[in-house]
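>>> Got a predicted model here, sequence first, then my questions.
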Amino acid sequence: MPPLPHDRFVDRELSWLAFNERVLELAEDHRLPLLERANFLAIFASNLDEFFMVRVAGLKRRIAAGLAVPTVTGVQPRDVLAAITERAHELMTRHAEVFVRDVRPALEQEGIQIVDVGALHEDERAHMDEVFRERVFPVLTPLAVDPAHPFPYISGLSLNLGVLLRREDTGKEIFARVKVPQILPRFVNVSATRDSRTPSKEHPARFVALEDIIATHLDQLFPGMQVIHHSTFRVTRNEDLEVEEDDAENLLKALEKELLRRRFGPAVRLEVTPEMHPTVRQILLRELEVGESEVYELPTPLDLKGLFTLGSVTRDDLRYPKAVPRMNRYLSERESSRQVDVFEAMRSRDILLHHPYDSFNTSVQAFLEQAAADPKVLAIKQTLYRTSGDSPIIDALIDAARAGKQVLAVVEIKARFDEEANISWARKLERAGVHVVYGIVGLKTHAKLSLVVRQESHGLRRYCHVGTGNYHPKTARLYEDFGLLTCTDDVGDDLTRLFNQLSGFAPSSTYNRLLVAPRDLRDGLLELIERETEAARAGREARIQVKANSIVDEKIIDALYRASQAGVAVQVLVRGICAIRPGVPGLSENIEVVSILGRYLEHSRAFVFHNDGDTIVYIGSADMMHRNLDRRIEAMVRLTSAEHIEEVQALFGLAFDEATARWVMRSDGTWQHESEDAQGRPLRDYQSELIDRHHSRRIAPAPHRAGG
């Protein structure tokens, strides 16, 4: 086979920034409800924070240590850093301008006014003074810098006031820092009515940024000092974790220690406002050890994640129409007098769940809660990557353990940015008698698995859930994910072997309907891709469809390129990073790549292979990234129901339909937002269409017996 071109991959960092640009385009879209546009501005800011904390910080760390190597296309690390820095400057400036010039004025027209202190009425000023005196002043800690007070530590992602003071007795200038408390709402309602929940044009709610309230009262923080200048700034630090598990006798304690070190990571970005005093700017650059290229000068207010605060405003006309998750039709109980028996429904058939269109609470959560309460259940085994400490699932596992059931929780305490929370509820589980294990050394456990062992008249039966999303009841209302409920023996055998591997030693396990990383998931997919490639070479119909959050693995991409060259029709539906270059003559003219973003976060992973008409479909937890395929425990399960296969295929049919709004990827790595037809009419919204389809489904007919 001829070699593939060296420039066949899109840079992953620039591709990630292109993804966040698509989020920004949602904020710019005037057809979307106004408060949703504000929310997308906040999401963009939150995404970029993590990008700097992890990706930029990691690249800088490798460059400084001399460990960085050229990318697969030969680009030098410093050139990559320069390119993403330039792009980040462009996007952050554009992001700020969208708020200042577009979204903020539009909010004001709707009675949601974010105003400066100088625009307040007298009664509003009085209310602001009261807010400061009663709620803000007691939690502030002003820190001055002088020979007796060294430059304070500036925590990552904190918003701060940099203040230049002058002593009245000596005339000496002093720098001081005031941290804006993160525990308080970022935008404070100071309108006379004090009612921010239902603002209108006639009765507006007026909000002032918390840092402005603090700045107005600096004289109370520094009595006897003259305030010469103040401005806001914000620091982003390297907050990625490094834990050498092989050297850690106790992973939990090692991680807790590393979490303390995280707070003191080097600065990788400094956000400032244009009016910042040159003296304050130079102090920050010197003390934080950042260069000019790492300084991002933006208009106030900084840190637009604060727009999440507007979630308390109840203006339904400025939001997406409400969409209530429905109970899956195979779990729907016709006799409302009794609760649905999830076990009975699973004995009748495999059930494919599609969240958030199908309710998580009445399916996965109900499955585990019934298992915890059922006296016939002997054991529950569960993976937990991200969840909430007050999760009903955590409570169900605790209840099951206290009832004498054998309960195993495989907890991934290294789930990025959830480490502290995971440690907390892992200890809570241990105290309740749950057997808590932390997976396999060197590998994160990212698979989404539940196994319930139940005593029945004929013997033990295993009930299973294999999903694409976390067992997190709150995010399940916002994340799009698949989950399979089944009690077939082949999946039960697979999960038994996999849990044995996670809790003990079973390195040679083989599986029936699962593909498991890092052992055989990549190889299994490559084999299926090669099968389609051979079919195309033989002149038979061949098709591959991939739905993922990200796709950057070179071996998978190269296999798709070879498939395209052989004539395989390849469709890739990706939310985030995509290193594929579609539509390149002689390489990828048979590959199409589209992206869907909207009210829900597209999170499910699915793989469809034509297989000479006997379609093969897998769903699971793995994205096509090195970390997922090489450094994580991931699991994908094969669907065997024709109905389920058709449901997954229907997603691709909808996403690639020219009547559906979507982003289409070009061969140079850029994206075209196709949202209108030739007459300027809006195209169909993908997720709204799925909401309508799920709501129009009728209750399922009487169940039939599933095979296996």
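Good, I have the coordinates. Since we're looking at a predicted model, the values are computed, not measured. Numbering: from 1, shown residues only.

>>> Show the backbone phi and psi for the nearest residue to E28 once chain neighbours are set aside.
Counting by C-beta to C-beta, 6 or more residues apart in numbering, the nearest residue to E28 once its immediate chain neighbours are dropped is V98, at 5.6 Å. Quick note: C-beta positions are derived from backbone N, CA and C, even for glycine. Torsion angles at V98 (phi, psi; degrees, to the nearest 10) stand at phi -60, psi -40.

>>> what residues are up against V98?
For V98, the contacting residues are 24, 27-28, 41, by C-beta atoms under 8 Å, 6 or more residues apart in numbering.

>>> now do R581
Contacts of R581 (C-beta under 8 Å, 6+ apart): 8-10, 587-588, 667-669.

>>> Reformat these as CSV; add secondary structure and neighbour count.
Shown next, in CSV, are the contacts of R581 (DSSP: H, G, I helix; E, B strand; the rest coil; neighbours: other C-beta atoms under 10 Å):
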residue, secondary structure, neighbour count
R8, coil, 18
F9, strand, 22
V10, coil, 23
L587, coil, 19
S588, coil, 23
S667, coil, 17
D668, coil, 9
G669, coil, 17
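
>>> Make JSON lines out of those and add distance to L35 and pLDDT.
As requested, those are exported to JSON lines (distance: C-beta to C-beta, whole Å; pLDDT from 0 to 100):
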{"residue": "R8", "distance to L35": "42", "pLDDT": "94"}
{"residue": "F9", "distance to L35": "38", "pLDDT": "95"}
{"residue": "V10", "distance to L35": "33", "pLDDT": "94"}
{"residue": "L587", "distance to L35": "43", "pLDDT": "97"}
{"residue": "S588", "distance to L35": "40", "pLDDT": "97"}
{"residue": "S667", "distance to L35": "37", "pLDDT": "94"}
{"residue": "D668", "distance to L35": "35", "pLDDT": "93"}
{"residue": "G669", "distance to L35": "32", "pLDDT": "92"}
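
>>> Among the contacts of V98, which lie within helices?
24, 27-28, 41 (DSSP state H).

>>> Just the terminal-to-terminal distance for stretch 152-162.
12 Å (C-alpha to C-alpha, to the nearest Å).

>>> ditto for stretch 583-599
Start-to-end, stretch 583-599 (C-alpha to C-alpha) is 29 Å.

>>> Convert stretch 608-619 to PDB, retaining C-alpha atoms only.
Extracted C-alpha coordinates of stretch 608-619, given in PDB (Å, rounded to 0.1, in the frame of the first residue of the first chain):
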ATOM      1  CA  VAL A 608     -22.000   1.100  12.900                       C
ATOM      2  CA  PHE A 609     -20.600  -1.400  10.300                       C
ATOM      3  CA  HIS A 610     -22.600  -2.500   7.300                       C
ATOM      4  CA  ASN A 611     -21.100  -6.000   7.400                       C
ATOM      5  CA  ASP A 612     -22.700  -7.200   4.200                       C
ATOM      6  CA  GLY A 613     -26.200  -6.300   5.400                       C
ATOM      7  CA  ASP A 614     -25.900  -8.000   8.800                       C
ATOM      8  CA  THR A 615     -25.300  -4.700  10.500                       C
ATOM      9  CA  ILE A 616     -23.000  -4.600  13.500                       C
ATOM     10  CA  VAL A 617     -23.500  -1.800  16.100                       C
ATOM     11  CA  TYR A 618     -21.500  -1.100  19.300                       C
ATOM     12  CA  ILE A 619     -22.200   1.500  21.900                       C
END
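
>>> ok, back up a step: quick check: of the contacts of V98, which has the highest neighbour count?
Using other C-beta atoms under 10 Å as the neighbour test, these are led by L41, with 27 neighbours.

>>> Now do the same contact list for the closest residue to F607 other than its chain neighbours.
Nearest non-adjacent residue to F607, counting by C-beta to C-beta, 6+ apart: Y618, 4.6 Å away. When contacts are counted by C-beta under 8 Å, 6+ apart, Y618 is found next to 515, 525, 606-607, 636-639.

>>> Kindly report the same for V190.
120, 124-125, 127-128, 131, 206-208, 213.

>>> Return the set of buried residues in stretch 311-328.
313, 315, 318-320, 323, 325-328 (16 or more other C-beta atoms under 10 Å).

>>> Let me see the ranges of the strands in the stretch 401-550 of the chain.
406-411, 435-437, 444-445, 448-456, 459-467, 479-486, 514-517, 543-548 (DSSP state E, counting those that start in this stretch).

>>> Of these, which is nearest T71?
strand 543-548 (20.5 Å; C-beta to C-beta).

>>> ok, and what's touching that closest one?
529, 532, 560, 563, 568-575, 602, 604-610, 623-624, 649, 651-652.

>>> mind listing which of these are in strands?
Cross-referencing the contacts of strand 543-548 against strands under DSSP state E gives 569-574, 602, 605-609.

>>> What subset of those is buried?
The neighbour-count test (16+ other C-beta under 10 Å) applied to the ones in strands among the contacts of strand 543-548 identifies 569-574, 602, 605-609 as buried.

>>> Switch those over to CSV; also include pLDDT and distance to S457.
Below are these laid out as CSV (pLDDT from 0 to 100; distance: C-beta to C-beta, whole Å):
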residue, pLDDT, distance to S457
A569, 98, 49
V570, 98, 49
Q571, 98, 47
V572, 98, 48
L573, 98, 45
V574, 98, 47
E602, 96, 43
R605, 97, 38
A606, 98, 37
F607, 98, 38
V608, 98, 39
F609, 98, 39
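
>>> possible to save the residues you listed as CSV with distance to D341?
Converted to CSV, those look like this (distance: C-beta to C-beta, whole Å):
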residue, distance to D341
A569, 43
V570, 42
Q571, 39
V572, 40
L573, 35
V574, 38
E602, 32
R605, 30
A606, 29
F607, 32
V608, 32
F609, 35
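
>>> hang on, N20 packs against L48?
Yes. In this structure, N20 is within contact of L48 by C-beta atoms under 8 Å, at 6.1 Å.

>>> list residues touching both of the two?
L91.

>>> Check which helices and strands the strand ranked longest in the chain sits against.
Scanning the chain for the longest strand, with DSSP E as the assignment, gives strand 225-237. Here strand 225-237 is seen to pack against strand 159-167, helix 218-221, strand 267-272, helix 278-288 when contacts are counted using 3 or more C-beta pairs under 8 Å, 6 or more residues apart in numbering; DSSP states H and E.

>>> Nearest to R55, out of those?
Here strand 267-272 is closest among those (C-beta to C-beta), at 9.8 Å.

>>> how far is that closest one from where the chain is centred?
Strand 267-272 sits 23 Å away from the centroid of its parent chain (C-alpha atoms, centre = their mean, to the nearest Å).

>>> Compute the number of surrounding residues for V411.
Neighbour tally, V411, other C-beta under 10 Å: 25.

>>> If you drop the residues flanking it in sequence, what lies closest to it?
With C-beta to C-beta, 6+ apart, the residue lying closest to V411 is A426, at 4.6 Å.

>>> Repeat that for A563.
A563's closest residue in space is T533 (C-beta to C-beta, 6+ apart), at 4.5 Å.

>>> For H435, see how far away the one you found is.
45 Å (C-beta to C-beta, to the nearest Å).

>>> Who has more neighbours out of the two?
When neighbours are counted by other C-beta under 10 Å, T533 and H435 differ, and T533 comes out ahead with 21 against 15.

>>> is it true that that one touches L560?
No. Using C-beta under 8 Å, T533 is not in contact with L560, being 9.3 Å away.

>>> So the residue nearest to F607: helix, strand or coil?
Classification of Y618 using DSSP: H, G, I helix; E, B strand; the rest coil returns strand.

>>> and what of L353?
Going by three-state DSSP: L353 is strand.

>>> Low-confidence regions, this protein specifically.
For the chain, residues meeting the criterion pLDDT under 70 lie at 147-148, 192-197, 240-264, 333-339, 387-389, 413-422, 439, 505-508, 697-708.

>>> Good, we can wrap up now.
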